[in-house]
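Colleague: sequence-free structure coming up:
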């Protein structure tokens, strides 16, 4: 009854908004301005409703609690590692602040913050999107909602926008939490380049989790049962995170070239295996955050001795690091847009009845 009451409340608020917009559009006006698009107001009403539902849900509360505990554990591990290494105040030139995200104590065996985010971040996207459409269909509220004078694509865009806004809030809150605790414990602020690197890292994390959100919304459109869409999203996540690299390693072992082969042939084989690895969004995300948070990384592919001769042993500036990860970031964005495009196509072609 609670879900049905919320849906009826949403429908009544959309009706009231549309009546107000229709009244304003029919009223005489001497300004010559065009009336506001009626669907835009309904879109933001649906976004606000979805945000409220996510924040009040128990699954979101449980996931946030797990991630915050993991974040605190990784911060404690990184601070312990920095203290054990004996790094002092003069380490600001060596990007000490970035080690809060990438360094872990070997004695505690706790993963880094980036490892926790790469593992638990997809779970947030899957949890927010696996029942985005099929739950409305099973409750019978999707047909009622589509019978209102609103655009059908606004419904899908509102589901995605609300979840993505919530993901961005969570990611940036965790990133600022790590930065604030590092500021309190170290006693000095990050440099401007460190701040911008952390900001780029958080934006990339939002894009990466947005891919899993789009994938889970796609499954919620494709499958009628919420349990099936949730298991499909988790299965794809486990395959791309664990088993995909194993399969690529088997392919690499089967197609390995001998050590006596020419350098060009060895480089061709290495680039082929690297390209197969980069089809996975997890690999793309790992390469981008490694480059952003480790300025000493100067290449993401195989290097020959001729390329290493004369190279300057110095960290890359921020602009060069962004150029280095631009292909990986473009690929991650392309996969995210592709998932949303398929979801949009399937949803627009589905038949929606008033009773299911």
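Modeller: Arrived safely, thanks for sending. Since the structure is predicted, the reported quantities are computational estimates derived from the model, not experimental observations.
Colleague: In the chain, what helix or strand scores lowest on average pLDDT?
Modeller: Counting by mean pLDDT, DSSP states H and E, the chain has its least confident helix or strand at helix 305-308, which shows a mean of 51.
Colleague: so for the very next helix or strand once past that helix, what's the average pLDDT?
Modeller: Elements were assigned by DSSP states H and E; along the chain past helix 305-308, the next helix or strand is helix 318-349. Averaging pLDDT along helix 318-349 gives 89.
Colleague: What of stretch 114-131?
Modeller: Stretch 114-131 comes out with an average pLDDT of 87.
Colleague: In that stretch, which of the residues would be classed as buried?
Modeller: 114-118, 121-131 (16 or more other Cβ atoms under 10 Å). To be clear about C-beta, it is placed using only N, CA and C from the backbone, and glycine gets the same treatment.
Colleague: What of stretch 68-80?
Modeller: 70-71, 73-75, 77-80.
Colleague: can you tell me which of these lies nearest to residue 97?
Modeller: residue 78 (10.6 Å; Cβ to Cβ).
Colleague: Can you get me a residue count around the residue nearest to residue 256 when sequence neighbours are not counted?
Modeller: Spatial nearest neighbour of residue 256, excluding adjacent residues (Cβ to Cβ, 6 or more residues apart in numbering): residue 269 at 7.1 Å. Neighbourhood size, residue 269 [other Cβ atoms under 10 Å]: 16.
Colleague: Give me the secondary structure label for residue 269.
Modeller: helix (DSSP: H, G, I helix; E, B strand; the rest coil).
Colleague: isn't it right next to residue 255, touching?
Modeller: Yes - with contact defined as Cβ atoms under 8 Å, residue 269 reaches residue 255; the gap is 6.6 Å.
Colleague: just to revisit the earlier point, tabulate the buried residues of stretch 68-80 (CSV), appending pLDDT and secondary structure.
Modeller: Below are the buried residues of stretch 68-80 laid out as CSV (pLDDT from 0 to 100; DSSP: H, G, I helix; E, B strand; the rest coil):
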residue, pLDDT, secondary structure
70, 79, helix
71, 78, helix
73, 80, helix
74, 79, helix
75, 79, helix
77, 79, helix
78, 79, helix
79, 76, helix
80, 77, helix
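Colleague: how far away is the residue most central in space within the chain from residue 126?
Modeller: Centroid-nearest residue in the chain: residue 209, 1.8 Å away (criterion: Cα atoms, centre = their mean). Applying Cβ to Cβ, to the nearest Å, the value for residue 209 to residue 126 is 9 Å.
Colleague: measure residue 133 to residue 343 for me?
Modeller: 9 Å.
Colleague: go on, residue 325?
Modeller: Distance from residue 325 to residue 343, counting by Cβ to Cβ: 26 Å.
Colleague: out of those two, which sits in the more crowded spot?
Modeller: The neighbour comparison of residue 325 against residue 343 (other Cβ under 10 Å) goes to residue 343, with 25 against 21.
Colleague: Now do the contacts for that one.
Modeller: 156, 214, 217-218, 221 (Cβ atoms under 8 Å, 6 or more residues apart in numbering).
Colleague: In the stretch 51-200 of the chain, where is pLDDT below threshold?
Modeller: 85-94, 105-109 (pLDDT under 70).
Colleague: Look up phi and psi at residue 257.
Modeller: Torsion angles at residue 257 (phi, psi; degrees, to the nearest 10) stand at phi -100, psi 150.
Colleague: State the number of residues packed around it.
Modeller: Neighbours of residue 257 using other Cβ under 10 Å come to 13.
Colleague: Give me the distance between it and residue 266.
Modeller: Distance from residue 257 to residue 266, by Cβ to Cβ: 6 Å.
Colleague: what's the answer for residue 225, then?
Modeller: Residue 225 is 49 Å from residue 266, by Cβ to Cβ.
Colleague: Please identify which of those two sits among more neighbours.
Modeller: residue 266 (17 against 13).
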